[in-house]
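In: sequence unknown, structure follows:
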């Protein structure tokens, strides 16, 4: 099968000057990542960073009893493995593939060397990290103060921002694990959204029928996150 992926599909790599881009891409490897593949575990030393082009990766915080909740999702707007250039080799969260696809993998040591040169890559990665922290913070606030239905709307809209279609294959249990709530509460929230004609849900498949409608009922958290990443894209495009 002909592979047509390019590092330029990743917004961070595309924002680099040509010389920096060519230098970094020379050491990258294109990898196919499957749904539920664990990229790294909590507390385990990381060897690589990943620049998604079509894959979507969920960052989950996992408690000692095994309960987890998503703190952020990463698509082609960013990278997976920020701790490697922020001073640590491990992180307390787990990275799991949410939507199968391709990413470009780079050895963490090579990224560190380029980052320490304090050139264009440093500025690009720090700007992205600020946006990622915003997403994590807003997700925590949302999970604490907003209803499960609002959380589900936020998650659906952010997922759509990473996808090329309005449908996704995911079970209620996986959504519950992502949001850190009981499956019954997800079923109730999804049922409410389906009855109002915003989504269609059956047999592990969700189709968003009315995105503008979802955007009207979602809490402000989605707009905060989307605005921050839109600003990142604008900032990087104007470099």
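Out: Now that the structure is in, tell me what you want to look at. It should be emphasised that the depicted structure is a prediction, and the values quoted were computed from it without experimental measurement.
In: Only C-alpha atoms from now on, for both contacts and neighbour counts.
Out: Fine.
In: Domain-wise, how is the protein divided?
Out: Per automatic domain parsing, the domain ranges recorded for the chain read 7-119, 143-225.
In: would CSV of those domains with mean neighbour count be doable?
Out: Listed next are the domains of the chain as CSV, based on neighbours: other C-alpha atoms under 10 Å:
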stretch, mean neighbour count
domain 7-119, 18
domain 143-225, 17
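In: can you put the ones you listed in CSV and add distance to residue 129 and mean pLDDT?
Out: As requested, these are exported to CSV (distance: least, C-alpha to C-alpha, whole Å; pLDDT from 0 to 100):
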stretch, distance to residue 129, mean pLDDT
domain 7-119, 7, 92
domain 143-225, 13, 93
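In: In JSON lines, list those along with distance to residue 137.
Out: Formatted as JSON lines, those follow (distance: least, C-alpha to C-alpha, whole Å):
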{"stretch": "domain 7-119", "distance to residue 137": "8"}
{"stretch": "domain 143-225", "distance to residue 137": "10"}
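In: Packing partners of the lengthiest helix in the chain?
Out: Ranked by residue count and defined by DSSP state H, the top helix of the chain is helix 120-145. Helix 120-145 is packed against helix 11-14, strand 68-74, helix 108-116, helix 220-237, with contacts defined by 3 or more C-alpha pairs under 8 Å, 6 or more residues apart in numbering; DSSP states H and E.
In: List the buried residues in that helix.
Out: Buried residues in helix 120-145, defined by neighbour count with 16 or more other C-alpha atoms under 10 Å: 120-122, 124-125, 127-129, 131-132, 134-136, 138-140, 142-143.
In: any idea which helix or strand comes after that helix?
Out: Toward the C-terminus, helix 120-145 is succeeded by helix 148-162 as the next helix or strand (DSSP states H and E).
In: Need the contact partners of stretch 93-102.
Out: 5, 30-43, 52-62, 80 (C-alpha atoms under 8 Å, 6 or more residues apart in numbering).
In: Distance from the chain centre to it, please.
Out: Mean-position distance between stretch 93-102 and its chain equals 8 Å (C-alpha atoms, centre = their mean, to the nearest Å).
In: What residue in the chain is the furthest from its centre?
Out: Note on the chain: the largest C-alpha distance from the chain mean falls to residue 195, namely 28.5 Å (C-alpha atoms, centre = their mean).
In: need the contact list for that residue.
Out: If you count contacts by C-alpha under 8 Å, 6+ apart, residue 195 has none.
In: go on, residue 61?
Out: 68-71, 92-94.
In: A strand includes residue 181, no?
Out: No. If the criterion is DSSP: H, G, I helix; E, B strand; the rest coil, then residue 181 is coil and not within a strand.
In: and residue 92, how far is that from residue 64?
Out: 11 Å (C-alpha to C-alpha, to the nearest Å).
In: let me fix that: residue 233
Out: In terms of C-alpha to C-alpha, residue 233 sits 37 Å off from residue 64.
In: again with residue 86
Out: For residue 86, the distance to residue 64 - C-alpha to C-alpha - is 25 Å.
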